[in-house]
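*Asks:* Turn this into a structure:
(2 chains)
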There are 2 protein chains.
Amino acid sequence: MKIRHAVVLLSGGLDSTTVLAIAQAQGFACNCLSFQYGQRQAIELERARAIARKAGVARHLVVRVDLDAIGGSALTADIEVPKDRPFHEMEQEIPVTYVPGRNILFLAHALSWAEVLGAADIFLGINAVDYSGYPDCRPEFLRAFEEMANLGTKAGTTGTAFRFHAPLIHLSKKEIILKGMALGVDYSQTHSCYDPVKGRACGRCDACRLRLQGFAEAGLTDPAPYAQR
Amino acid sequence: MKIRHAVVLLSGGLDSTTVLAIAQAQGFACNCLSFQYGQRQAIELERARAIARKAGVARHLVVRVDLDAIGGSALTADIEVPKDRPFHEMEQEIPVTYVPGRNILFLAHALSWAEVLGAADIFLGINAVDYSGYPDCRPEFLRAFEEMANLGTKAGTTGTAFRFHAPLIHLSKKEIILKGMALGVDYSQTHSCYDPVKGRACGRCDACRLRLQGFAEAGLTDPAPYAQR
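*Replies:* Okay, here's the model as predicted:
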């Protein structure tokens, strides 16, 4: 049987690590793609490398994206990361941690690499439940990206159509964690925090709070190290 | 009157330089975006810088795109650039100079920067006549990209919709040159060649041949330096 290759966007966070396990469980040889984009912390990439190595992936490529030249968000510029926000507030607006066009840029790189590799399947960990404020995490966006990809590439117009898989898009954090645990994911390695303190998750930013709540709802303890929780 | 800002993709070639003149003639303050992506030649970027300076643009940003890490084309890898091809052959197939996902990556960066700048208009010099073999130069691709952009960004979903302008898309090279000449474009500065010889255009690759034919059809002489023509 021919090996099917997939490109998997891997940030080193809880969601993308779960997606990698899902893609591997579906039988794909996974080509993981991570980005260096002027993030405040290098810890994400270290974790992504460790996770990819441990999972025995086909390839792991780290690509530099020049978002710091473009500017404009809390994750790359000097804007304060919100702390201790109520959950209803996270859901209502597009947060300051929104990076203009970030997922579009990441997906564009994934598409380009998939075309070079001859891979038709691209997996990503976007989620429309917890991150409903981010327009680039919504299903209608992903469908539009897929359509654009199949019109704007050689592979898409002449060969097998690209398929974008977002297996977590409709899952709650609790459901994501339970799915990952069933697939044997080691969440102690994963990093989600927007603003870590000496290599430990802050426990107070939106990402930490959603993650801790997910583990609590699943009746589990998050094995990752926290500065405060 | 409020100044309207636009992002203009500027490669330093004939087409994008004409597009810059068109956007300026329409009253836009132009923010030019060029890419360093492992091209064989640095000459493109030098010309882009000179053209932007001479045109008195609002900003000129050169962004690094890691296409050489991704690999896979004559413009970035070690594949031979075709020479002296008959025109009918250029039209029939997707050439080896096709870079997987390149325009998609460029447009994604333009979109991200436009969102940061608060610009709604993005100009690019794609052409569906001479480059009919490139899927990412077709009108249906650009419409799909625009739709995706307006679903996947904060600005697109909450404010003014992004508009992608490809004013050359249906023009022949002759028509592009005549339009540029009417707007006072100095084509001696522009660089189109895929495989220059000591800073001069080779005169034999697809880009050179289409350009030289365009000038000939317009009854003009290309003022750019050629190694051979």
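*Asks:* what comes into contact with the strand or helix carrying A:Ala144?
*Replies:* Assigned by DSSP states H and E, A:Ala144 belongs to helix A:139-152. Helix A:139-152 has contacts (Cβ atoms under 8 Å, 6 or more residues apart in numbering or on different chains) with A:103-104, A:107, A:111, A:126, A:128, A:135, A:156-157, A:161-164, A:166, A:169-170, B:101, B:103-104, B:135-136, B:138, B:140-141, B:144-145, B:147-148, B:151-152. All C-beta spots, glycine's among them, are computed from the backbone N, C-alpha and C.
*Asks:* Just the buried residues from the residues you listed, in ChimeraX please.
*Replies:* Buried members of these, defined by 16 or more other Cβ atoms under 10 Å in any protein chain shown, are picked up in ChimeraX with:
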select /A:103,104,107,111,126,128,135,156,157,162,164,166,169 /B:101,103,104,135,136,138,141,144,145,147,148,151,152
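*Asks:* Of the contacts of helix A:139-152, which belong to helices?
*Replies:* A:103-104, A:107, A:111, A:156-157, B:103-104, B:140-141, B:144-145, B:147-148, B:151 (DSSP state H).
*Asks:* Assumed A:Gly219 was part of a helix.
*Replies:* No. Counting by DSSP: H, G, I helix; E, B strand; the rest coil, A:Gly219 is not found in a helix; it is coil.
*Asks:* Need phi/psi at it.
*Replies:* Here is the backbone geometry of A:Gly219 (degrees, to the nearest 10): phi 70, psi 30.
*Asks:* what's the burial count for it?
*Replies:* 9 (other Cβ atoms under 10 Å in any protein chain shown).
*Asks:* measure it to A:Leu178 for me?
*Replies:* Distance, A:Gly219 to A:Leu178, by Cβ to Cβ, to the nearest Å: 9 Å.
*Asks:* With A:Gly118 instead?
*Replies:* A:Gly118 is 34 Å from A:Leu178, by Cβ to Cβ.
*Asks:* In stretch A:182-192, which residues are buried?
*Replies:* A:185, A:187, A:189-192.
*Asks:* ignore the last one, stretch A:195-212
*Replies:* Under 16+ other Cβ under 10 Å, the buried positions of stretch A:195-212 are A:195-196, A:200-212.
*Asks:* ranges for the strands of chain A?
*Replies:* A:5-9, A:29-36, A:59-64, A:121-123, A:163-165 (DSSP state E).
*Asks:* Tabulate those strands (TSV), appending mean pLDDT.
*Replies:* Putting these into TSV (pLDDT from 0 to 100) gives the following:
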stretch	mean pLDDT
strand A:5-9	98
strand A:29-36	95
strand A:59-64	93
strand A:121-123	98
strand A:163-165	98
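*Asks:* Point out the most buried one among the ones you listed.
*Replies:* The highest average neighbour count among the strands of chain A, using mean count of other Cβ atoms under 10 Å in any protein chain shown, belongs to strand A:5-9 at a mean of 26.
*Asks:* Excluding covalently adjacent residues, which one is nearest to A:Ala55?
*Replies:* Spatial nearest neighbour of A:Ala55, excluding adjacent residues (Cβ to Cβ, 6 or more residues apart in numbering or on different chains): A:Leu20 at 5.9 Å.
*Asks:* how close does the nearest residue to A:Ala155 once chain neighbours are set aside sit to A:Ala108?
*Replies:* If you skip the residues right next to it in sequence, A:Ala155 has A:Glu115 as its closest partner in space, 4.8 Å away by Cβ to Cβ, 6+ apart. According to Cβ to Cβ, A:Glu115 and A:Ala108 sit 11 Å apart.
*Asks:* ok so, going back, which residues does the residue nearest to A:Ala155 contact?
*Replies:* Contact partners of A:Glu115, counting by Cβ under 8 Å, 6+ apart, are A:153-155, B:72, B:100-101.
*Asks:* do the same with A:Val7
*Replies:* Contact partners of A:Val7, counting by Cβ under 8 Å, 6+ apart, are A:30-33, A:110, A:113-114, A:117, A:119, A:121-123.
*Asks:* ok, A:Ile3 touching A:Ala29?
*Replies:* Yes. Counting by Cβ atoms under 8 Å, A:Ile3 touches A:Ala29, with 5.0 Å between them.
*Asks:* What number of residues are in the vicinity of the closest residue to A:Arg4 other than its chain neighbours?
*Replies:* Nearest residue to A:Arg4, sequence neighbours excluded (Cβ to Cβ, 6+ apart): A:Phe28, at 5.4 Å. Residues near A:Phe28, counting by other Cβ under 10 Å, number 22.
*Asks:* Likewise for A:Val65?
*Replies:* A count of nearby residues for A:Val65, using other Cβ under 10 Å, gives 25.
*Asks:* Also A:Leu124?
*Replies:* Residues near A:Leu124, counting by other Cβ under 10 Å: 27.
*Asks:* Which strand residues bridge the nearest residue to it once chain neighbours are set aside?
*Replies:* Leaving aside its chain neighbours, A:Leu124 sits nearest to A:Leu9 (4.4 Å; criterion: Cβ to Cβ, 6+ apart). Counting by DSSP bridges, A:Leu9 is bridged to A:Leu33.
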